[in-house]
Structures are given as structure tokens and as C-alpha cells.
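Chemist: Fold the following, please.
(one chain, ligands or ions: 2)
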Amino acid sequence: MGLTGKSTGTGVLDQSGYIIQKETDTDKIIALAGNPNVGKSTVFNALTGLNQHTGNWPGKTVTNARGMYQFKGTNYIIVDLPGTYSLMANSVEEEVARDFICFGQPDVTVIVADATCLERNLNLVLQTMEITDKVVLCVNLMDEAKKKKISIRLDLLASKLGISVVGTSARSNKGLDSLIEAVDSIDEQHSNYLRVTYSDEIEKAISLLEPAVENLFGSKSNKRWVSLKLLEGDTGMLESLKNNLGFDLMQNEYIIHCLTETKSFLGNAGIHSDKLRDLIVTKIVNTCEDISKEVITYEKKNYAERDRKIDQILTSKITGIPIMILLLFVVFWLTVTGANYPSELIAKGLFWLEEQLSALFRILSGPEWISGALVDGIYRTLAWVVSVMLPPMAIFFPLFTLLEDSGYLPRIAFNMDNFSTCAVRCTIN
Ligand SMILES: Nc1nc2c(ncn2[C@@H]2O[C@H](COP(=O)(O)OP(=O)(O)OP(=O)(O)O)[C@@H](O)[C@H]2O)c(=O)[nH]1
Ligand SMILES: [Mg+2]
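Modeler: Ligands and ions are numbered 1, 2, ... in the order given. Reported below is the predicted structural model:
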């Protein structure tokens, strides 16, 4: 069976776009999630080949790609989710990823992680494991990690997380067979599934709210996770629950009563919504750090330290902005001033050619209006455009690509974000 309009087109979507109708009961749905730029689409393309379809998530400007492959007679429909660093739903991409994992009823969620910065990627893994226990971790870019002399004990990682972990180099198709096998045997997952546990007060609060959530949702959603989100006061999540499950929690007196009681219990312990969110994030980040310390070894001992030192300089409040301005100025200066020399050379060459063309037309003694239109009109305009535009572009784009590939652009974004937050604070004060 190929991908039909029915299995991949808009016809399969429910109103929110997250439910994919299967063609047969045995079809399985895979959610493919991960941080941006970790190779999700490379994995997706390698598994599905031409069996894919792209569009947008209904009502969103986020791309929606889905495809299919077969294994042992089962059809697997894969959904390539937008790249996200977390499922805290701070952006529309995070919202789509979270809602699909939560409400799209995927049979398996594959998290693609970058082997060269696994610790940061584990954050998303742990957050996803809070929503569903059908998770497979695909540690991609193993070839890059090898080059950087980073080694990862995948078996130890699998036993720490309690899920299947597969190492891949998707660009060269390595490890994808094992990934397919791991997805197929999702029901034979390890028994010691890692569940992040929070402080006693938070755990107590969850247990106070869980029965009310279970009462309302049954098995439609993960009661522990939904309880946590309610306590955090995640209004986007309330909206998603309303759109996807049809429950407007804020209209339910029983939930409101339990939520108020539990929040006041947490409040008495000094934990309000913002602090709760901080505590949750901190606990997850610390857990990622603890796991990483045990499973990742850097052969170049000072590899991570050196990176951190460079980061500190490039993103510090004192040096970050001046370095950024200086670098952007250098790019600007090279583009504008540096382009003058090649521009001059190209112009000289092209206008020399123009003279030759005019001479040729004179020798051929063709009508003057033809040489006027072709040489003085079309050719001269083209020559100007090429000599003026080509050099700046040929300098600017490679320089910008260099900044992007070296990882400096995200640092600029970080600096600007800090800057705008400070500006907003100053305005408010
Ligand atoms: N060296 C190496 N490069 C890879 C591997 N997998 C993917 N890439 C490269 O990594 C880059 C990003 O890959 P994508 O598949 O577009 O990543 P993505 O996660 O879909 O990115 P977003 O959709 O932007 O979040 C591409 O240049 C790939 O060729 C790999 O295993 N090894
Ligand atoms: Mg992609």
C-alpha cells in the first residue's frame, strides 16, 4: 500500500489535525521529534523514501510532513514533527510537537538526538517520557561524535532511561535497521522506565490532583503529566485540552475545587506557579546532567570546558554585544569595501567585451537599432547588474554561512534575546 490521499492528505485529519486515521487496525503511527537540526528529516527521508506528503498543520504555519514505510507486514506512518528544544510550548512549533505526542495517539515516539550535544537533547527526551512511555531514543550524528572523540555508552543510557536507544548516522544510512527493529519491538521495552520524581511537596500535590484528572480523562491522557501542567497554570495546555479532548476544565467545578486546594497546599509550602515551573525545569536539567556524566566521555578532556569558555565570552553581558557588533561590522565592511575590487575587475572585463561586441556589429554593418538594443541596452544593463551585485553577494553569503556553521548565529540570537528582555524590563520600570 502506498500513501494515498486518504492516509496522508487532509482527509485523514480531525478538526485539530492531530488524529491520523489508520487504513487498517494494525497500522502504527510514529511521532518523530527532536531538537532542531539533529537529522529528523534525514531519518524521515531515509525511512520513507518517496512515500511522503507535506503540507501545513491545520491553522498553523508549521510544516507537516508525513510518510510511510512497511516492516514485517505492518504499515508505519511517520510524522516528522517540527524541531523543538522543549515541550513547554513557548512557540507554535513546541505546541504542535507537544499536542501531537499528547493527543495524536502515536504508537511510538522516536526522539532524534544529536550525539555531539546529547546532554542538551536529553531534556526533550525526559519531557517526552513524562507524557508517554512509548519512546525510542535515536542518537544520531554518531559519525560527528566520533570525529569529535565523544563516546557514548548507548547500553548504559538505555538502562538508565529504561527505553530502547539506537545509535545512527542517518546521512550515511547507518543504524536505521536497528531503529526500525526498536520501533517494532516497542512493547518489549525495559522495565525500569525512568520517571523524573520531584520534591516531596510537588509529588504530594500531583497525587492530590491526579484522581480528579483521572476521573475526567480516564486513559485519554497521562494523568500525572496533565496534573503537573494544571499546577503550573499552563493556559495553552488548557486550550489544547479543550480543542483536542473537548474538555473545558475551567468549567468543571470538581477540577477547579481540587486545583484550588492543591495550589493552596503548594502555596503554603512556598511554591507558586512560576517557582513550580522553575523547580520542574531544574530537576529535569539536573537529571540530564547526572545521566550525561555517566554515559558520555570526552576523549579530549577539555572539550566541553573549552566550548563553555568560548560561550561565556561570546554571550556574556559585557563582551557578547561588543563582539557581536564588531563581527557584524567586519562582515558588513568586507561586503561593501571588499566587493569594490572584484566589482572593478568584473566591470573592466565586461565593458572591454562590450567594446568588442560594438566593434563586431560595426564590422557586420548591421542596423544601428539592433546593436543599440542588444549591446547598449541589454548587454550594458546586465554588465552593470552583474558587476555591482555579484561580488557583494559572493562575499556576504559565504561569510554568513560561515557564521551559521560555526554556531555563532544562535549566540547572536541569545544576545539579542537578553538585550530585548533587558530593554522591556527597563521600559516597564
Ligand atoms: N554528519 C552527519 N550529518 C547528518 C546526519 N544526519 C543528518 N545530518 C545533516 O544534518 C543537517 C540537518 O539535517 P535535517 O535532517 O534537516 O535535520 P532536522 O532535524 O530535520 O532539522 P529541522 O527540521 O530544521 O529541525 C543536514 O545537513 C544533514 O545532512 C548524520 O548522521 N551525520
Ligand atoms: Mg526537518
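Chemist: Please name the residues that touch the residue of the stretch 251-400 of the chain found nearest ligand 2.
Modeler: Residue nearest to ligand 2 within the stretch 251-400 of the chain (C-beta to the ion): F400, separated by 20.7 Å. (Glycine included, C-beta is placed from N, CA and C.) Applying C-beta atoms under 8 Å, 6 or more residues apart in numbering to F400 gives the contacts V331.
Chemist: would you list every one of the strands in the stretch 51-200 of the chain?
Modeler: Along the stretch 51-200 of the chain, counting by DSSP state E, counting those that start in this stretch, strands occupy 52-56, 63-71, 74-80, 108-114, 135-140, 150-152, 164-167.
Chemist: weakest of those strands in terms of mean pLDDT?
Modeler: Per-stretch mean pLDDT for the strands of the stretch 51-200 of the chain is lowest at strand 52-56 (a mean of 77).
Chemist: Below-threshold pLDDT in the stretch 51-200 of the chain: ranges please.
Modeler: 189-190 (pLDDT under 70).
Chemist: My guess is L176 contacts N45. True?
Modeler: No - taking contacts as C-beta atoms under 8 Å, L176 lies outside contact range of N45: 10.7 Å.
Chemist: Neighbour count for those two, which is higher?
Modeler: L176 (19 against 16; other C-beta atoms under 10 Å).
Chemist: From L259, how far out is that one?
Modeler: Distance of L176 to L259, computed by C-beta to C-beta, to the nearest Å: 45 Å.
Chemist: Determine whether any part of stretch 38-50 lies close to ligand 2.
Modeler: Yes - against ligand 2, stretch 38-50 shows contacts by C-beta under 5 Å from the ion at 40-41.
Chemist: For the one helix or strand G267 maps to, buried residues please.
Modeler: Assigned by DSSP states H and E, G267 belongs to helix 253-268. Neighbour counts over helix 253-268 (16 or more other C-beta atoms under 10 Å) mark 255, 258-259, 262-263, 265-266 as buried.
Chemist: continuing past that helix, what's the next helix or strand?
Modeler: The C-terminal neighbour of helix 253-268 among helices and strands, as given by DSSP H and E, is helix 273-295.
Chemist: rewinding a little: would you convert the strands of the stretch 51-200 of the chain into CSV that also reports distance to ligand 2 and mean neighbour count?
Modeler: Output for the strands of the stretch 51-200 of the chain, formatted as CSV (distance: least, C-beta to the ion, whole Å; neighbours: other C-beta atoms under 10 Å):
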stretch, distance to ligand 2, mean neighbour count
strand 52-56, 11, 15
strand 63-71, 8, 19
strand 74-80, 6, 22
strand 108-114, 9, 26
strand 135-140, 12, 27
strand 150-152, 22, 19
strand 164-167, 19, 23
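Chemist: Quick one, which of those strands gets closest to ligand 1.
Modeler: strand 135-140 (5.0 Å; C-beta to the nearest ligand atom).
Chemist: Do me a favour and average the pLDDT over the helix holding G267.
Modeler: Averaging pLDDT along helix 253-268 gives 92.
Chemist: tell me the angle of that helix relative to helix 273-295?
Modeler: Our comparison of helix 253-268 with helix 273-295, counting by axes from the mean of the first three to the mean of the last three C-alpha atoms, to 10 degrees, yields an angle of 70 degrees.
Chemist: and helix 253-268, what does it pack onto?
Modeler: Where contact means 3 or more C-beta pairs under 8 Å, 6 or more residues apart in numbering; DSSP states H and E, helix 253-268 is packed against helix 200-217, helix 223-232.
Chemist: Show me which positions of the longest one end up buried.
Modeler: For helix 200-217, burial by neighbour count (16+ other C-beta under 10 Å) applies to 201-202, 205-206, 208-210, 212-213, 216-217.
Chemist: Which one of these is nearest to ligand 1?
Modeler: Distance to ligand 1 across these (C-beta to the nearest ligand atom) is lowest for F217, with 30.8 Å.
Chemist: Check the spacing between the closest one and S227 real quick.
Modeler: From F217 across to S227, the span is 10 Å (C-beta to C-beta).
Chemist: repeat for W333
Modeler: On the measure of C-beta to C-beta, W333 and S227 end up 56 Å apart.
Chemist: again, but for N286
Modeler: Applying C-beta to C-beta, the value for N286 to S227 is 21 Å.
Chemist: So which residues on the stretch 51-200 of the chain come close to ligand 1?
Modeler: The stretch 51-200 of the chain comes close to ligand 1 at residues 83, 140-141, 143-144, 169-171, as judged by C-beta under 6 Å from any ligand atom.
Chemist: And the residues you listed, which of them are buried?
Modeler: 83, 140-141, 143-144, 169-170.
Chemist: circling back to that earlier point, put together JSON lines for the buried residues of helix 200-217, with distance to G104 and pLDDT on each row.
Modeler: Listed next are these as JSON lines, based on distance: C-beta to C-beta, whole Å; pLDDT from 0 to 100:
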{"residue": "E201", "distance to G104": "33", "pLDDT": "95"}
{"residue": "I202", "distance to G104": "28", "pLDDT": "96"}
{"residue": "A205", "distance to G104": "28", "pLDDT": "96"}
{"residue": "I206", "distance to G104": "24", "pLDDT": "95"}
{"residue": "L208", "distance to G104": "29", "pLDDT": "93"}
{"residue": "L209", "distance to G104": "24", "pLDDT": "93"}
{"residue": "E210", "distance to G104": "23", "pLDDT": "92"}
{"residue": "A212", "distance to G104": "25", "pLDDT": "90"}
{"residue": "V213", "distance to G104": "20", "pLDDT": "88"}
{"residue": "L216", "distance to G104": "20", "pLDDT": "82"}
{"residue": "F217", "distance to G104": "16", "pLDDT": "79"}
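Chemist: and which of the residues you listed is nearest ligand 2?
Modeler: Nearest to ligand 2 out of the buried residues of helix 200-217 is F217 (C-beta to the ion; 31.6 Å).
Chemist: picking up where we left off before, any chance of the strands of the stretch 51-200 of the chain in TSV, plus distance to E344?
Modeler: Output for the strands of the stretch 51-200 of the chain, formatted as TSV (distance: least, C-beta to C-beta, whole Å):
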stretch	distance to E344
strand 52-56	45
strand 63-71	43
strand 74-80	48
strand 108-114	45
strand 135-140	47
strand 150-152	47
strand 164-167	53
